[in-house]
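Enquirer: please find the sequence and the predicted model below.
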Amino acid sequence: MSVRVIFLGTSGSVPTVKRGMPSLVVQREGELLMFDCGEGTQRQMIKAGLGFGRPMKVFISHMHSDHILGLPGLLQTMSIMGRVKPLQIYGPQKLKEFLEHVIETVVVGLNYPLEVYSVSEGDVCRGLDYSVQAVETDHSVQNFSYSIVEDPRPGRFYREKALALGIPEGPLWKKLQRGLSVTLDDGRVITPESVLGPPRRGLKIVYSGDTRPSMKLVKLAANADLLIHEATFDGELKDKARLEGHSTVVEAAEVARLANVSKLALTHISARYSETTLLLEQARKVFSNTVIAEDLMEIVVQRPK
């Protein structure tokens, strides 16, 4: 079992020939979880083959234009393409006012339910088998970093234990594998613990938005399978990054090291870098399992076995 992370746009502030504006999608169990929505996001979704009718939630980190100006086009495209499912959008308090103006002035004939929620630190929402949490990190305006945390999964199913207990193979096995107790014909109640190993943790994926290095983010990302962290500048531009509310590749790698994550993906790369070899070398000196995201790149995150 795995989850796909698709990077739709990986530039910072302005687009380049190779990089679009910030946006990425986590695809899991038929649902799309989008983080930020820069200009042109809907076109990148088409190129990635994601479609516009699936269950979907959008999480906005902050109200800078490079992270939100794709929303009007996305909303309009979804309407034209016949979306009927509700769309939930989460973000800073000012996002709701922005979207009200967008719908009033530029989006024509929205024909599906749009639900907009203001975010604060802590629990943001629950899905069927996961939760999204947020912390406020350190940018030039209010910025939220988000984590997707899957619920623990039932442990490994031991076939030999089920047979020894006289449980017939079939639907009862499937119920036990889902963590449900079953009742046999002789009246015995068999609990999942009788045939399953210890629970297995679900995946954890964390997205930084735009931020200076933040201990809140370190705590949010603790032991994550994947940390997606902005890395606007190279390590020599630490003072510039600090002034503008961003991180260097070295600082992002240090956050990954402190948080003990499994993998680090760097994004929000400044347009000054047409080539990223130096950035990757700097980051890997601090945290070896680092990649630099490119537009339409996918990372497949495997669930623990």
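Expert: Yes, it's here.

Enquirer: show me where the stretch 201-305 of the chain has its strands.
Expert: Using DSSP state E, counting those that start in this stretch, the strands of the stretch 201-305 of the chain run over 204-207, 226-230, 264-267, 269-270, 290-292, 298-302.

Enquirer: format the ones you listed as CSV; extra columns: mean neighbour count and mean pLDDT.
Expert: Bear in mind the C-beta positions are built from the backbone N, C-alpha and C, glycine included. Shown next, in CSV, are the strands of the stretch 201-305 of the chain (neighbours: other CB atoms under 10 Å; pLDDT from 0 to 100):
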stretch, mean neighbour count, mean pLDDT
strand 204-207, 26, 98
strand 226-230, 29, 98
strand 264-267, 27, 98
strand 269-270, 24, 98
strand 290-292, 20, 98
strand 298-302, 14, 96
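
Enquirer: CSV for these, including distance to residue 161?
Expert: CSV is the format used below for those (distance: least, CB to CB, whole Å):
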stretch, distance to residue 161
strand 204-207, 30
strand 226-230, 34
strand 264-267, 40
strand 269-270, 51
strand 290-292, 41
strand 298-302, 26
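
Enquirer: now do the same contact list for residue 119.
Expert: 59, 90, 91, 92, 134, 144 (CB atoms under 8 Å, 6 or more residues apart in numbering).

Enquirer: okay, it: pLDDT?
Expert: Looking at residue 119, its pLDDT is 97.

Enquirer: adjust the sequence numbering to begin at 40 for everything that follows.
Expert: All right, first residue 40 from here; so that's residue 158.

Enquirer: list the residues that contact residue 74.
Expert: 62, 63, 64, 65, 97, 98, 100, 185, 246, 248, 267.

Enquirer: tell me which strands the host helix or strand of the fifth one pairs with, and in which orientation.
Expert: Element membership of residue 97, judged by DSSP states H and E, is strand 95-98. Strand partners for strand 95-98, identified by DSSP bridges, are recorded as strand 70-76 (parallel), strand 126-130 (parallel).

Enquirer: where does the chain dip in pLDDT?
Expert: For the chain, residues meeting the criterion pLDDT under 70 lie at 40, 344.

Enquirer: can you give me the helices for it?
Expert: Along the chain, the segments classed as helices by DSSP state H run 80-87, 104-107, 110-119, 133-144, 198-203, 210-216, 254-259, 277-283, 288-298, 316-325.

Enquirer: tell me which residues of the fifth one are tucked away?
Expert: Buried residues in helix 198-203, defined by neighbour count with 16 or more other CB atoms under 10 Å: residue 201.

Enquirer: how about the residue nearest to residue 83 when sequence neighbours are not counted, what does it touch?
Expert: In this structure, residue 83 finds its nearest non-sequential neighbour in residue 47, 3.9 Å apart by CB to CB, 6 or more residues apart in numbering. Going by CB under 8 Å, 6+ apart, residue 47 touches 59, 62, 63, 64, 80, 83, 84, 87, 334, 335.

Enquirer: dihedrals phi and psi, the closest residue to the fifth one other than its chain neighbours?
Expert: With CB to CB, 6+ apart as the criterion, residue 80 has its nearest non-adjacent residue at 3.7 Å, and that residue is residue 109. The phi and psi values for residue 109, taken as degrees, to the nearest 10, are phi -80, psi -10.

Enquirer: residues in contact with residue 109?
Expert: Here residue 109 is in contact with 60, 62, 76, 77, 78, 79, 80, 81 (CB under 8 Å, 6+ apart).

Enquirer: quick one: which of the residues you listed is nearest residue 138?
Expert: residue 76 (11.1 Å; CB to CB).

Enquirer: so what pairs up with the closest one in the strands?
Expert: Bridge pairing for residue 76 - DSSP bridges - gives residue 62.

Enquirer: just checking, it touches residue 101?
Expert: No: under the contact definition of CB atoms under 8 Å, residue 76 does not touch residue 101, with a separation of 11.9 Å.

Enquirer: higher neighbour count, those two?
Expert: More neighbours surround residue 76 than the other of residue 76 and residue 101, with 29 against 25 (other CB atoms under 10 Å).
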